[in-house]
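> Mind looking at a prediction? Sequence and model below.
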Amino acid sequence: MSGNRIAIIGAGQSGLGAFNACREQHFDDVVVYERSDSLCGLWANRDETQREVCNTGARLLPNTTLNSSKEMSAYSDFPFPQHYPNYVHHTLMREYLLLYAERIGIKDNVKLRHELIGCQQNTDYDRTGRWRLTVRDIDNNRVFDDVVDGVIGQRVVVLGVGNSGIDMAVELTKPKHRVFSQGVVFSDDLANNIIKGLITMKSDIQEFTATGVIFEDETVETPCDTVIYGTGYQQWYPYLPDELRPELNPSLKLYKHIFYPHLKHAHTLAITFNITPAGAANPITEQQSRYFALLMVDRCRLPSEKRMLRHIRRQKAWVIRHYPRYDKHSTHVRYIKYMDELAREMGVKPRLWNYAFTDPKLWWRLYAGPCVPYQYRLD
């Protein structure tokens, strides 16, 4: 689609899905800005020297493995290779992402070592909905502006809240040390290590002492040598205008956790994976990006601002009913319901009863089987 320039911020798993969604809608001018020197985001698993060069602080633990199965974690049009195990190691996840990147042909559209440092409405925004990006070429220390018609940015978290802490706890049981942990999440090795006494589950820390910690509901100090924070990530969007930064405006909520309802051209700026799903990341970020791309080509439309705000209030009420603290859980979503909602707005939700007559075997798999991402490619 000539005349539309789309910018994607980041070439991790979300950025790859976003590029493919734009490619499917025939955008011929898509640029992907990636701060590091390679694709795959955190899954690239750089060593200490590489992380210093790329200015990326996180890395994967040696034992990091997907906690969702490969069929539930795949992009909807690109299954994992059959020979991969059901739960893939992070090295295979990187391999899968590189295979996907090759398939969608992203190489010529990526600008590596380019960092987004500003995103403002262009002077003609009210008329065109365009955005002005300020980008720094890290290698040449050159700053330049880029005017685009749509922006997709993402926050990519490797395994979600709590998982990194448990991965670390499991990894630390390999030497003969006891580990105290406060989180309860998924890990095949967690239960066995608890039974063996290598990991002891505890409540919150009440206070630190010179030689250990005191847990809540306890009066005796528990000696410890090291405290490792596996407390998750804070949302941070320093390149956005202050009025659009969620971390500075706690009351600012996004429609479907993607779009700003109060913007005149709300569909031109999308934040993907700004959520905490009870499910895999790839299918959700891809679904969000497909929604953005279809909005940009007028194949579907956002609801009115009033309806978007009403939806946000309903989502808030649901979180308050199901979680103890709204401020910590405001981005939690129900995976299947969320995927179906986006699919319905895009017009790609499978019409089950049609298949009951035309393909009964497929209908039964859709009706009684797992909600695999491939089903959102049927209609």
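Ah, there it is. These numbers were taken from a predicted model, which means no experiment stands behind them.

> List the contacts of stretch 82-100.
With contacts defined as C-beta atoms under 8 Å, 6 or more residues apart in numbering, stretch 82-100 is touched by 13, 16, 20, 39-40, 43-45, 60, 64-71, 73, 75, 78, 80-81, 188. All C-beta spots, glycine's among them, are computed from the backbone N, C-alpha and C.

> roughly how far out does stretch 366-373 sit from the chain middle?
Computed by C-alpha atoms, centre = their mean, to the nearest Å, the separation of stretch 366-373 from the middle of its chain amounts to 22 Å.

> What lies in contact with that stretch?
Residues contacting stretch 366-373 (C-beta under 8 Å, 6+ apart): 71-72, 74-76, 282-283, 286-287, 335-336, 339, 350, 352, 355, 375.

> at 10 Å what do you get?
Applying C-beta atoms under 10 Å, 6 or more residues apart in numbering, the external contacts of stretch 366-373 come out as 69, 71-79, 279-280, 282-284, 286-287, 335-337, 339-340, 350-353, 355-356, 359, 362, 365, 375, 378.

> So which of those are in helices?
71-73, 282-284, 286-287, 335-337, 339-340, 352-353, 355-356, 362, 365 (DSSP state H).

> What are the boundaries of the strands in the stretch 1-150 of the chain?
Remark: strands assigned in the stretch 1-150 of the chain by DSSP state E, counting those that start in this stretch are 6-9, 30-34, 110-112, 114-121, 131-137, 142-148, 150-154.

> For the first one, the averaged confidence score.
The average pLDDT for strand 6-9 rounds to 96.

> cool, the fourth one as well?
The average pLDDT within strand 114-121 is 94.

> and that strand with strand 150-154, angle?
Interaxial angle of strand 114-121 relative to strand 150-154 (axes from the mean of the first three to the mean of the last three C-alpha atoms, to 10 degrees): 130 degrees.

> Could you check the angle strand 114-121 makes with strand 30-34?
120 degrees.

> Residue 136: what's it in contact with?
33, 35, 113-118, 142-144.

> Would you check which pair of these lies furthest apart?
113 and 118 (17.3 Å; C-beta to C-beta).

> The two: which has the busier surroundings?
residue 113 (18 against 15; other C-beta atoms under 10 Å).

> From residue 224, how far off is that one?
40 Å (C-beta to C-beta, to the nearest Å).

> quick one, phi/psi of the most centrally placed residue in the chain?
Of all residues in the chain, the one closest to the mean position by C-alpha atoms, centre = their mean is residue 273, 3.4 Å from it. The phi/psi pair for residue 273 (degrees, to the nearest 10) reads phi 60, psi 40.

> From residue 211, how far off is it?
In terms of C-beta to C-beta, residue 273 sits 41 Å off from residue 211.

> Which SSE is immediately downstream of the helix or strand bottoming out on mean pLDDT in the chain?
Every helix and strand in the chain was compared by mean pLDDT, DSSP states H and E; the lowest is strand 179-181, with a mean of 45. Later in the chain than strand 179-181, the nearest helix or strand by DSSP states H and E is helix 190-195.

> For the next helix or strand after that following helix, list every residue counted as buried.
Using DSSP H and E, the next helix or strand after helix 190-195 towards the C-terminus is strand 199-201. By neighbour count with 16 or more other C-beta atoms under 10 Å, strand 199-201 contains the buried residues residue 199.

> Quick check: neighbours of strand 199-201 in the sheet, parallel or antiparallel?
When pairs are called by DSSP bridges, strand 199-201 turns out to pair with strand 179-181 (parallel).

> returning to that earlier point: any chance of a markdown table for the strands of the stretch 1-150 of the chain, columns distance to residue 324?
Below are those laid out as a markdown table (distance: least, C-beta to C-beta, whole Å):
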| stretch | distance to residue 324 |
| --- | --- |
| strand 6-9 | 33 |
| strand 30-34 | 37 |
| strand 110-112 | 42 |
| strand 114-121 | 34 |
| strand 131-137 | 38 |
| strand 142-148 | 41 |
| strand 150-154 | 28 |
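
> Can you tell me which of the ones you listed is nearest to residue 244?
strand 114-121 (8.3 Å).

> That closest one pairs with which strands, parallel or anti?
Going by DSSP bridges, the partners of strand 114-121 are strand 131-137 (antiparallel).

> which of the residues in the partner strand are buried?
131-133, 135-136.

> Can you list the low-confidence ranges for the protein?
1-3, 47-58, 154-190, 230-233 (pLDDT under 70).

> Would you mind splitting it into its domains for me?
2-158+233-344, 168-223, 349-376 (the TED database).

> quick revisit: of the contacts of residue 136, which is the nearest to residue 297?
residue 33 (22.1 Å).

> What about the closest residue to that closest one other than its chain neighbours, how many residues nearby?
In space, residue 33 comes closest to residue 114 once its chain neighbours are excluded; the distance is 4.5 Å by C-beta to C-beta, 6 or more residues apart in numbering. As a burial measure, residue 114 scores 21 neighbours (other C-beta under 10 Å).
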